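Student: next input, structure requested:
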Amino acid sequence: MSEAGETLLRTSLYDTHVRLGAKMVPFAGYEMPVQYTGVIEEHKAVRGAAGLFDISHMGEFEAKGPGAADFLDGLLTNNIKKLEVGKVLYSAMCREEGGIVDDLTVYRLGAERFMTVVNASNIEKDWEWMAARKGADCDFRNLSDETALIAPQGPAAAEILADLIPGGGNLEAIAYYTASEREVAGRKILVSRTGYTGEDGFELYLAAGDAPHVWEALLSAGAGRGMLPCGLGARDTLRTEMKFALYGNDIDETTNPLEAGLGWVVKFKAGDFVGRERLLRIKEEGPSRKLVGIEMLDRGIPRHGAPILAGGEPAGAVTSGTMGPSLGKAIGIGYVPISHAGVGSEVEVDIRGKRRAAKVVKTPFYRKK
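Tutor: Below you'll find the predicted structure:
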């Protein structure tokens with residue numbers, strides 16, 4: 001049970017996490033590991049070697065049939081019809097007024113078969129929103145409960161995964177944002193070269209019942225290569241260093257893709273989609289604010305909700321913030337007026353009642369050497 005009294009769900013790896021000594025916390029309706037040995041150690045393992053994440057709380061929907069492409073094309077801002085079989089696409093899904101229902105990835109698994117992967121906190125909302133707009137010539141199924149998702153991430157992830165695939169699996173053929181089926185540790189798995197860390201890595205889609213076996217096999221193969229099991233704490237610091245948006249923090253239904261820096265996934269010429277007209281007007285008028293990266297100049301860590309001031313006046317709030325383990329610097333993400341969104345612009349962050357100097361910087365904060 002959570003503090004609010006709700007019954008928490010568990011992934012098929014729950015018992016494995018507990019046995020490994022993970023600290024379990026409520027997250028998006030699930031009981032999930034926030035850390036094992038420590039956030040900083042796990043973070044550095046991913047940057048320097050490899051980390052293994054359980055992200056089975058994410059949702060998976062399958063759209064199949066002759067009308068599947070048209071169905072998704074009418075909902076998502078990116079160009080679904082140009083997506084080739086075996087490729088992956090990142091997109092936003094918006095309401096009529098331009099607010100973001102969710103950000104998600106789409107897999108084209110066949111000419112008329114797609115899988116959309118949605119945020120855990122939005123599974124029910126996204127399902128209702130999408131199912132209500134499905135055409136008669138499209139079969140739409142929720143695969144979330146039967147699907148597990150494991151993510152080996154880091155520079156050693158490919159060689160660790162290759163050890164578990166007969167003949168090495170020719171992982172070089174699976175390019176970034178590409179997916180292909182492989183036999184991993186004796187189990188049939190959709191191997192996707194994607195992630196949320198800024199490192200090379202994979203996301204493995206498999207039957208929920210197979211997850212404990214594959215998890216153990218990956219940790220065993222990675223034991224001599226520096227792989228650690230990692231929790232949501234490290235996942236958050238890693239994605240913040242990359243300025244990857246987190247739904248519910250940096251983006252939600254009160255924000256639109258253009259001000260959130262996601263204009264690159266809005267393809268106006270691809271056809272009509274929900275929210276297109278409103279987003280087109282915002283583009284023509286220009287957004288009034290922008291989601292930017294902030295680096296602290298004074299002491300203090302900019303936490304979620306901390307007020308941002310520009311020119312001494314309230315200008316917004318921090319949406320995500322942390323001490324970047326790879327950087328040794330306190331960093332944050334937040335919306336500021338366009339007038340103060342340029343790199344080098346000086347702002348302040350109110351940290352526990354004290355104004356601390358900061359500046360807008362180029363992102364991602366972390367870049368590989």
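Student: how is residue 335 assigned, secondary-structure-wise?
Tutor: Judged by DSSP: H, G, I helix; E, B strand; the rest coil, the three-state class of residue 335 is strand.
Student: actually residue 233, sorry about that
Tutor: Residue 233 - assigned by three-state DSSP - is helix.
Student: equivalent analysis for residue 25, please.
Tutor: strand.
Student: leaving out chain neighbours, which residue sits closest to it?
Tutor: Counting by CB to CB, 6 or more residues apart in numbering, residue 25 lies nearest to residue 34, which is 4.5 Å off, once chain neighbours are set aside. The C-beta positions use only the backbone N, C-alpha and C, and glycine is treated the same way.
Student: residue contacts, the closest residue in space to residue 39 that isn't next to it in sequence?
Tutor: For residue 39, ignoring the flanking residues on the chain, the nearest one in space by CB to CB, 6+ apart is residue 233 at 3.9 Å. Counting by CB atoms under 8 Å, 6 or more residues apart in numbering, residue 233 makes contact with 34-35, 39, 42.
Student: and stretch 120-138, what's buried?
Tutor: By neighbour count on 16 or more other CB atoms under 10 Å, the buried set for stretch 120-138 is 120-123, 126-127, 129-130, 134, 138.
Student: check stretch 148-162 too.
Tutor: Quick answer for stretch 148-162 (16+ other CB under 10 Å): 148-158, 160-162.
Student: give me the number of residues near the closest residue in space to residue 136 that isn't next to it in sequence?
Tutor: In space, and not counting its chain neighbours, residue 136 is closest to residue 67: 7.3 Å by CB to CB, 6+ apart. By other CB atoms under 10 Å, the residues close to residue 67 number 17.
Student: separation between residue 67 and residue 75?
Tutor: 12 Å (CB to CB, to the nearest Å).
Student: in strands, which of the buried residues of stretch 148-162 appear?
Tutor: 148-153 (DSSP state E).
Student: before we move on, back to that, Serialize the buried residues of stretch 148-162 to a markdown table and add fields for distance to residue 58 and pLDDT.
Tutor: Below are the buried residues of stretch 148-162 laid out as a markdown table (distance: CB to CB, whole Å; pLDDT from 0 to 100):
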| residue | distance to residue 58 | pLDDT |
| --- | --- | --- |
| 148 | 10 | 98 |
| 149 | 5 | 98 |
| 150 | 11 | 98 |
| 151 | 10 | 98 |
| 152 | 16 | 98 |
| 153 | 15 | 98 |
| 154 | 19 | 98 |
| 155 | 24 | 98 |
| 156 | 24 | 98 |
| 157 | 18 | 98 |
| 158 | 22 | 98 |
| 160 | 22 | 98 |
| 161 | 19 | 98 |
| 162 | 24 | 98 |
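Student: residue 359 sits in which helix or strand?
Tutor: strand 354-361 (DSSP states H and E).
Student: that strand packs against which elements?
Tutor: strand 289-296, strand 346-351 (3 or more CB pairs under 8 Å, 6 or more residues apart in numbering; DSSP states H and E).
Student: could you find the closest non-adjacent residue to the residue lying farthest from the centre of the chain?
Tutor: In the chain, counting by CA atoms, centre = their mean, residue 312 sits farthest out from the average C-alpha position, at 33.5 Å. Distances taken as CB to CB, 6+ apart place residue 348 nearest to residue 312, at 7.6 Å, with adjacent residues excluded.
Student: sec struct for the spatially most central residue of the chain, please.
Tutor: Nearest to the mean C-alpha position of the chain, counting by CA atoms, centre = their mean, stands residue 196 at 5.2 Å. Secondary structure, three-state DSSP: residue 196 is coil.
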